[in-house]
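K.L.:
can you look at this prediction? I've put the sequence above it.
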Amino acid sequence: MSKEQRVLRYVQQNASRGDPDSVLAAVDKFGWETEWAMNVGDVKGLILDRFVKETAPQTMLELGTYMGYSAIRVVRLLPETAKFLTVEFNPENAAIANEMIAFAGLQNRIIQITSDSADVIPQLKKKYDVDTFDMVFIDHWKDVYVRDIKLLETNNLLRKGTVVVADNIINPGAPEYADYVRTCGKYDSTFHESNFEYSDDIDGLEKSVYRG
Ligand SMILES: O=C(c1ccccc1)c1ccc(O)c(O)c1[N+](=O)[O-]
Ligand SMILES: [Mg+2]
């Protein structure tokens, strides 16, 4: 059984079906007490919550679904009218996320896409009826953060004021991304220091507002 399957089983046995907060609490308890997992987690998650509440996005993209933790975390704060798309490269992780999201009762609120983000970003307008995103959460492979934010720019998926949040700026680190958003002149970017998930190590989120 994979770690991700163990997390899902723990959630199914310890959380309440249809209760997103209980799902998040169960994943976090497992992450702190049993096995570390690469969810944004409860500490950085509070910062992400604040950004979502401040932005109140109607259309949002996540790159890196993993087990669905951040998708659940975000969508639990959005109105039913909001459109949330999440992209996962790994089909095994996507399958776990699909069950996790269904257990949380949010399967009708989240559009899951199993694909390489480089392939799907150029398709989002036509295939998924997207104009531009109000908010983007980047949390997939750190070495493709820059590639993908540039793809979002060139495919006209960002608009003046789009809020782009990126995880793991310090740990494992995304230095090229941080340098890009801070120096390219297209974003007003701020770093928000926090802790690495389920750890006392340092990490943080970068919040970058597209200037249009
Ligand atoms: O890259 C890793 C990683 C690298 C090595 C071993 C385990 C995980 C990672 C670590 C923490 C994260 O929050 C995260 O989003 C990721 N990720 O893969 O996207
Ligand atoms: Mg992460």
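P.N.:
Yep, that arrived. Ligands and ions are numbered 1, 2, ... in the order given.
K.L.:
ok, the residue nearest to residue 172 when sequence neighbours are not counted - contacts?
P.N.:
Among residues not flanking residue 172 along the chain, residue 142 sits closest, at 5.7 Å (Cβ to Cβ, 6 or more residues apart in numbering). Any C-beta I mention is one placed from the backbone N, CA and C, and that applies to glycine too. Contact analysis of residue 142 by Cβ atoms under 8 Å, 6 or more residues apart in numbering lists 168, 172-174, 177.
K.L.:
show me which of those residues are buried.
P.N.:
168, 174, 177 (16 or more other Cβ atoms under 10 Å).
K.L.:
which one of these is nearest to residue 6?
P.N.:
residue 168 (22.6 Å; Cβ to Cβ).
K.L.:
ok, the closest one touching residue 140?
P.N.:
No. Checked against Cβ atoms under 8 Å, the pair residue 168 and residue 140 is beyond contact range at 9.8 Å.
K.L.:
just to revisit the earlier point, if we check ligand 1, which of the contacts of residue 142 are in contact?
P.N.:
168, 172 (Cβ under 6 Å from any ligand atom).
K.L.:
of the contacts of residue 142, list those near ligand 2.
P.N.:
The residues of the contacts of residue 142 that also fall near ligand 2, by Cβ under 5 Å from the ion, are residue 168.
K.L.:
isn't there a helix covering residue 47?
P.N.:
Yes. Judged by DSSP: H, G, I helix; E, B strand; the rest coil, residue 47 forms part of a helix.
K.L.:
show me the contacts for it.
P.N.:
Counting by Cβ under 8 Å, 6+ apart, residue 47 has contacts 192, 194, 205.
K.L.:
for these, pick the one with the most neighbours.
P.N.:
residue 205 (24 neighbours; other Cβ atoms under 10 Å).
K.L.:
helix, strand or coil: sort out the closest residue to ligand 1 within the chain for me.
P.N.:
At 3.8 Å from ligand 1, residue 38 is the closest residue in the chain, using Cβ to the nearest ligand atom. Under three-state DSSP, the three-state class of residue 38 is coil.
K.L.:
okay, it: pLDDT?
P.N.:
pLDDT, residue 38: 98.
K.L.:
and what of the one 3 residues further on?
P.N.:
As predicted, residue 41 sits at a pLDDT of 98.
K.L.:
how deep is it tucked in, by neighbour count?
P.N.:
With other Cβ under 10 Å as criterion, residue 41 counts 27.
K.L.:
surely it meets residue 198?
P.N.:
Yes. Residue 41 lies in contact with residue 198 (Cβ under 8 Å); the separation is 5.8 Å.
K.L.:
shared neighbours of those two, which are they?
P.N.:
28, 31.
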